[in-house]
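>>> What follows is a predicted structure for the sequence shown.
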Amino acid sequence: MSVANTGSEARGRARVSADAIALTFDDGPDPVWTARILERLRREDAIATFFVVAPRAVANPELIEAMAAGGHEVGFHCVRHVRHSEREEDELRSDTEAGLEMLASLGLRPSAWRAPWGDVTDLTRELAGEHGLELWNWSFDSHDWRGDSGEEMLESLAMAGGLEDGAVVLMHDGLGPGARRDGCAETVRLTGALLAAARAAGLRPGLLSESSPVAP
């Protein structure tokens, strides 16, 4: 039987320390779009956290090296992008262990984990504890996978109250299941716009692993 979801679609930590924001990217690395996002971050002298799909990371080691060289954080996402509440216990345990072994082959020992779709179960939490991983959610979802324009995503952010200190922003540098777009160009644009907004608000881009504990 599938692992029971205890209710909440994934409530891990969703805010970072005051005076900072965290830009986070799921579903990569992608040889085209991750490279472009890394270049935008380099030009803006900014850092971010990438929750990688392990087989994609193994297939694109040069992008993992570029993340490390740029001071970015590499977190764990998954091997197969499936909701944890829809997986058998042995499947989820195997996916987690295999993914972490793949990342270890690249010299990575991630401390941050974001489950696919943000769907966390009791077993997710148990595995996180076993492997020294901290679960992360988000406070603003860009919904970039829908194919919205950068302007539309910024409007959604404004309607949600704007870019607040401690915000964890969810974006995607790869195309995952359910994506309704054929590329991530608008995510690249949004990245630049968010960094400009952060600077205007006196906020710095930070890494999840640098954050002090903050209540969700």
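Now that the structure is in, tell me what you want to look at. All values derive from a computational prediction rather than experimental measurement.

>>> residues in contact with residue 92?
The contact partners of residue 92, taken as C-beta atoms under 8 Å, 6 or more residues apart in numbering, are 3, 84, 121, 123-124, 127. Where C-beta positions appear, they are placed from N, C-alpha and C, glycine not excepted.

>>> out of the residues you listed, which are inside helices?
When these are checked against helices (DSSP state H), the matches are 123-124, 127.

>>> Am I right that residue 51 is in contact with residue 72?
No: taking C-beta atoms under 8 Å as the definition, residue 51 is not a contact partner of residue 72, at 11.4 Å.

>>> export the single longest strand found in the chain as CSV, just CAs?
Of all the elements of type strand in the chain, the one with the most residues (DSSP state E) is strand 20-28. As requested, C-alpha coordinates have been extracted for strand 20-28 and formatted as CSV (Å, rounded to 0.1, in the frame of the first residue of the first chain):
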residue,chain,number,x,y,z
ALA,A,20,17.4,37.7,2.8
ILE,A,21,15.4,35.9,0.1
ALA,A,22,16.1,32.5,-1.3
LEU,A,23,15.7,31.8,-5.0
THR,A,24,15.2,28.0,-5.6
PHE,A,25,15.0,26.0,-8.8
ASP,A,26,13.6,22.5,-9.2
ASP,A,27,13.7,19.8,-11.9
GLY,A,28,17.1,20.5,-13.4
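
>>> The very next helix or strand once past that strand versus strand 20-28: what angle between them?
Using DSSP states H and E, the next helix or strand after strand 20-28 towards the C-terminus is helix 33-43. Between the axes of helix 33-43 and strand 20-28, defined by axes from the mean of the first three to the mean of the last three C-alpha atoms, to 10 degrees, the angle is 160 degrees.

>>> Show me what helix 33-43 packs onto, helices and strands only.
In terms of contact count using 3 or more C-beta pairs under 8 Å, 6 or more residues apart in numbering; DSSP states H and E, helix 33-43 is assigned the packing partners strand 20-28, helix 61-69, helix 185-200.

>>> of these, which approaches residue 78 most closely?
Closest to residue 78 of the helices and strands packed on helix 33-43, according to C-beta to C-beta: strand 20-28, at 9.1 Å.

>>> Would you mark the buried spots in the closest one?
Residues of strand 20-28 classed as buried: 20-28 (neighbour count, 16 or more other C-beta atoms under 10 Å).

>>> Could you do stretch 128-144 as well?
Of the residues in stretch 128-144, those scored as buried under the neighbour-count criterion (16+ other C-beta under 10 Å) are 128, 133-142, 144.
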